[in-house]
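# Provided below are the primary sequence and the corresponding predicted coordinates.
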Amino acid sequence: MHLTCVIIDDEPLAINVIRQYISEMDSLEVSATFNSAIKAADYLRDHEVDLVFLDINMPMLDGLSFLKNFDFSPKVILITAYDQYALEGYELEVVDYLLKPVAFPRFVKAVEKARTRIGNELPLASQQSSANRPFKFIKIDKKKLQKIYLDEIIVVESLKDYIRIITEKGRYIVHQTLSNFTDELPSDQFIRIHRSVTVSLDKIDVVEGNSLEICGKRYTIGRSYLTEAKNIIFQTENSEEGA
């Protein structure tokens, strides 16, 4: 389960620590950071966020007051240098309460608690739907096979004799050529746009000139792939509009 995160803390060092911890977990992504709860409020109203790391002791509006006065859906992990707020935090149904300095193992434990709570709140149909989703196993080392769902693949990048598979849940390095891997994917869902890049059609956000954008990153469409790529992309767009 891929989780988007927001960090709210008035201490730059504390933000950097949590950001570093998040970068160590492929299933987490920082969507924004704020040094005040007031600034974060508008963002949280307008953006879908799964998890908020919230400092308690902040000027103007502290973390607990923020929770009491703003109604929003993300799960919250409180972070503070003081333990006297723990009971009040749990009464506000926060997922966990981390004391500074936050140790990485304790951080991971809190994230897993949040992941479990979010998963338990998903509709039953959503939890069961994975049974019918196409998937494949990839060999990520000599002894380990990793199951990935095709609809979670975002981009596949060539690394000479290896490929990097970027999915909603993480990144995987596989000893396989891009050509062979692309041939194994459904041609109506994936398209090769460059000798070193294959993308999911569903994940394309913007097409402009000889490039496209996926999840905020821009990819160049190779000259020899340009005509075919645009034809397929526009055919997909037209079929969706006619549906």
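Great, that's in hand.
# alpha carbons only for contacts and neighbour counts from here, please
Noted.
# tell me which stretches of the protein form helices.
Taking DSSP state H as the test, the helices found in the chain are 12-23, 37-46, 63-69, 86-91, 104-120, 124-128, 178-183, 226-242.
# low-scoring pLDDT stretches of the chain, where are they?
Scanning the chain for pLDDT under 70 picks out 1, 72, 84-91, 120-131, 236-243.
# how is it divided into domains?
For the chain, automatic domain parsing gives the domain ranges 3-123, 131-242.
# using CSV, lay out these together with mean neighbour count.
As requested, the domains of the chain are exported to CSV (neighbours: other Cα atoms under 10 Å):
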stretch, mean neighbour count
domain 3-123, 17
domain 131-242, 15
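# list the contacts for the nearest residue to His175 once chain neighbours are set aside?
Nearest non-adjacent residue to His175, counting by Cα to Cα, 6 or more residues apart in numbering: Tyr162, 4.4 Å away. By Cα atoms under 8 Å, 6 or more residues apart in numbering, the contact list for Tyr162 reads Ile173, Val174, His175, Gln176, Thr177, Leu178.
# again, only using 6 Å
By Cα atoms under 6 Å, 6 or more residues apart in numbering, the contact list for Tyr162 reads Val174, His175, Gln176, Thr177.
# gap between it and Asp151?
21 Å (Cα to Cα, to the nearest Å).
# what's the answer for Leu51, then?
With Cα to Cα as the criterion, Leu51 and Asp151 are 23 Å apart.
# including distance to Leu78, could the helices of the chain go into a markdown table?
Output for the helices of the chain, formatted as a markdown table (distance: least, Cα to Cα, whole Å):
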| stretch | distance to Leu78 |
| --- | --- |
| helix 12-23 | 12 |
| helix 37-46 | 13 |
| helix 63-69 | 8 |
| helix 86-91 | 7 |
| helix 104-120 | 10 |
| helix 124-128 | 28 |
| helix 178-183 | 43 |
| helix 226-242 | 43 |
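# so which of these gets nearest Asp141?
In terms of Cα to Cα, the element of those nearest to Asp141 is helix 178-183, at 16.4 Å.
# how far off centre is that closest one?
Relative to the centre of its chain, helix 178-183 is centred 25 Å away, using Cα atoms, centre = their mean, to the nearest Å.
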